[in-house]
Each structure stands twice: as C-alpha cells, then as structure tokens.
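Trainee: Got a predicted model here, sequence first, then my questions.
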Amino acid sequence: TEGRYRDGTTVIIDDFREAYFWLRDNTPEDARVLSWWDYGYQINGMANRTTIADGNTWNHEHIALLGRALVSDVKTSHKIIRHLADYVLVWSTRYGGNPGDDIAKSPHLARIAGSVYSAIDPAKFSMDRDGRPSPMMANSLIFRAVTYRMEPGTPEFPPGTYKEVKTTKNNMVRIYKVLNVSPKSKAWGKQGHGKRAWIEERPLTDAYPPGLQEVLREKRDFKQH
C-alpha cells in the first residue's frame, strides 16, 4: 500500500506481505498458524501455511474456542494453543497509524468466546474512553501480543509460553512462536482424526486432540437465536 505523510513524503506499507513471506520462508512446511479468522485466507494463500480458521469456518463453537484462546490470560491461552498451533500472528496496526487492529476487535472476540464458554465474561473485557484496558483485557494474550515491547507497562511473557520471532518494519504485524507445543496433539492432527470427525459429522469434541478435552468439557452448545 502506498500513502503519503502530511508533508507529502511517500511511504510504502508492505507489512502484511512481509509477515506472510516471513512465515513462508522461516517456518517448517507443517507449521500451524493461529490468528483471528479474518487473516486465515491470507496466511494460507501467501504464506502457504495451515491456519486454525478462515473466512469459510462456519462452526461458531470452533470460532469461540479460537476467541477464548486469544482473550484468555497468557498462561490459560497457552494451555489451549499448545495443542493447536506452532505460531500466533496478530495485527498491531495501531503502531502504523491504523487503530483497527486486533485490540480494537478483541471485545468482539470476547463476546463470541463468552457465548460458548462461561469462563469468558465479555462485560469484563473492555477499554475505557481514555484507552485504558480493563484488567481482563490487559492480561489477555491478544493485548499483550500486540503491545509487547511497544508499551512500557506490558510485561515479559512467562517462561515456556511464547517467544517473539517477527515484528514487521512498521510494527503492524507481529508473530510469536508457541513454546512447548504438544507433540502428541500435533501428531494426532497429522493422523487425520479431526478431518474424519468433521466429514463424519461427529460431535465437535471428536475433532480435537485429547489434550483439549478438559477445556471442551467446559463449553455449552451454542444456539442461534
């Protein structure tokens, strides 16, 4: 994208391509990338990597699990994501002049997660008029992944959870490696259990590795009103 500063200077914003090509060139071919579903097609098409959700993910409960992983506190999120993905990608476009990034979207993620998981209370996930996050938002993975090293109050990630591996030139996209990924869950996915469960229309819980069953037992069936 080409734009201009107020003084007329031309600026090229290439962060999105930069991030996706970095994934393509610097991660294993079997790497799985977790992001909010909006970016799934871009990651798959430009980075040629498996995503956890995209624009064709119609199952609300799956999107709710993704939302729960992103809006939970870092340690809780890691207990989920280590069974699903090898990398986490977030949009941090506020640092490139566009405030409509993953923090801006995150209350919507919390509402979706809360529609299935009672552990997520969307009313407690918010930002006030002065831009101050609620404690729940401030402690969430998505908030900390966007603001890490950008805001003085954002702490380091707990050992063994996430490691920053790429931040684009204009700080608009950030990628984290998931540490201590479950090898059993990754192998389970490669064996095609999840795909067979979807095809055979078995219960949602059958589509996920055993390591996630404790979390899935907390869900309530979503009913469209």
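Mentor: Great, that's in hand. Numbering: from 1, shown residues only.
Trainee: which intervals of this protein have sub-threshold pLDDT?
Mentor: For the chain, the stretches with pLDDT under 70 are 1-6, 223-225.
Trainee: Look up how far residue 155 lies from the residue nearest to the spatial centre of the chain.
Mentor: Residue closest to the average C-alpha location in the chain (Cα atoms, centre = their mean): residue 35, at 3.2 Å. Applying Cβ to Cβ, to the nearest Å, the value for residue 35 to residue 155 is 22 Å. Glycine gets a C-beta too; all of them are placed from N, C-alpha and C.
Trainee: next one: residue 113
Mentor: As judged by Cβ to Cβ, residue 113 and residue 155 stand 23 Å apart.
Trainee: Kindly report the same for residue 81.
Mentor: Distance from residue 81 to residue 155, counting by Cβ to Cβ: 18 Å.
Trainee: okay, these two: which has more neighbours?
Mentor: Using other Cβ atoms under 10 Å, the more surrounded residue of residue 81 and residue 155 is residue 81, with 27 against 10.
Trainee: ok, for that one, nearest residue in space, not its chain neighbours?
Mentor: residue 69 (5.2 Å; Cβ to Cβ, 6 or more residues apart in numbering).
Trainee: Burial check on that neighbour, number of neighbours?
Mentor: With other Cβ under 10 Å as criterion, residue 69 counts 26.
Trainee: Ok, residue 70 next?
Mentor: Residues lying near residue 70 (other Cβ under 10 Å) number 26.
Trainee: before we move on, what SS does the closest residue to it other than its chain neighbours have?
Mentor: Of all residues not flanking residue 70 in the chain, residue 142 sits nearest, at 4.4 Å (Cβ to Cβ, 6+ apart). What DSSP: H, G, I helix; E, B strand; the rest coil gives for residue 142 is helix.
Trainee: Thought residue 218 was touching residue 117, still the case?
Mentor: Yes: with contact defined as Cβ atoms under 8 Å, residue 117 reaches residue 218; the gap is 5.9 Å.
Trainee: These two: who's more crowded?
Mentor: Between residue 117 and residue 218, counted using other Cβ under 10 Å, residue 117 has the larger neighbour count: 21 against 11.
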